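Peer 1: no sequence on this one, just coordinates:
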């Protein structure tokens, strides 16, 4: 595997793993869906999991890698409100759980940057 494709494959792996967890263990995701969204939380959980799997698949294919990486960046920005909801909801939980919830917030920025870099490199 060329070193130039490793970041893309790693990002695809991360997105695929995250997508699978939405179907294997959906309940934790259901609890962080903001209440103001219409419909059932489980529907949003499955939809976001499917979107993550679609992004992963697109990143794996060189011809669709750029579009997949851009979609990944957009998805990561789009799910940020759920991470904010989780941090708010978990503000009174034990410290390890709060650390997870709060740690997700600044983690989004480097993940978005990673996706944008994969898109930029793939556009060459």
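Peer 2: Now that the structure is in, tell me what you want to look at. Quick caveat, the model's predicted, so the values are computed rather than measured. Numbering: from 1, shown residues only.
Peer 1: all contacts plus neighbour counts: C-alpha atoms, from now on.
Peer 2: OK.
Peer 1: next, the buried residues of the helix or strand of the chain with the lowest mean pLDDT.
Peer 2: The weakest-scoring helix or strand in the chain, judged by mean pLDDT, DSSP states H and E, is helix 80-89 (a mean of 89). Neighbour-count burial for helix 80-89, counted by 16 or more other Cα atoms under 10 Å, picks out 82, 83, 84, 85, 86, 87.
Peer 1: and residue 101, what does it touch?
Peer 2: Going by Cα atoms under 8 Å, 6 or more residues apart in numbering, residue 101 touches 83, 86, 87, 90.
Peer 1: sorry, wrong one. I was asking about residue 104.
Peer 2: Taking Cα under 8 Å, 6+ apart as the test, what residue 104 contacts is residue 83.
Peer 1: average pLDDT for the helix or strand harbouring it?
Peer 2: Using DSSP states H and E, residue 104 sits within helix 95-122. With pLDDT averaged residue by residue, helix 95-122 scores 94.
Peer 1: same question, stretch 65-77
Peer 2: Stretch 65-77 carries an average pLDDT of 97.
Peer 1: again, but for stretch 8-19
Peer 2: Averaging pLDDT along stretch 8-19 gives 97.
Peer 1: what residues sit buried inside that stretch?
Peer 2: By neighbour count with 16+ other Cα under 10 Å, stretch 8-19 contains the buried residues 8, 9, 11, 12, 13, 15, 16, 18, 19.
Peer 1: try stretch 18-32
Peer 2: For stretch 18-32, by 16+ other Cα under 10 Å, it's 18, 19, 20, 21, 22, 23, 26, 29, 30, 31, 32.
Peer 1: contacts made by that stretch with the rest, please.
Peer 2: Against stretch 18-32 from outside (Cα under 8 Å, 6+ apart): 41-42, 44-46, 48-53, 82-83, 85-86.
Peer 1: 6 Å instead?
Peer 2: Applying Cα atoms under 6 Å, 6 or more residues apart in numbering, the contact partners of stretch 18-32 are 41, 42, 45, 49, 52, 53, 82, 85, 86.
Peer 1: distance of residue 24 relative to residue 45?
Peer 2: Using Cα to Cα, to the nearest Å, residue 24 is found at 11 Å from residue 45.
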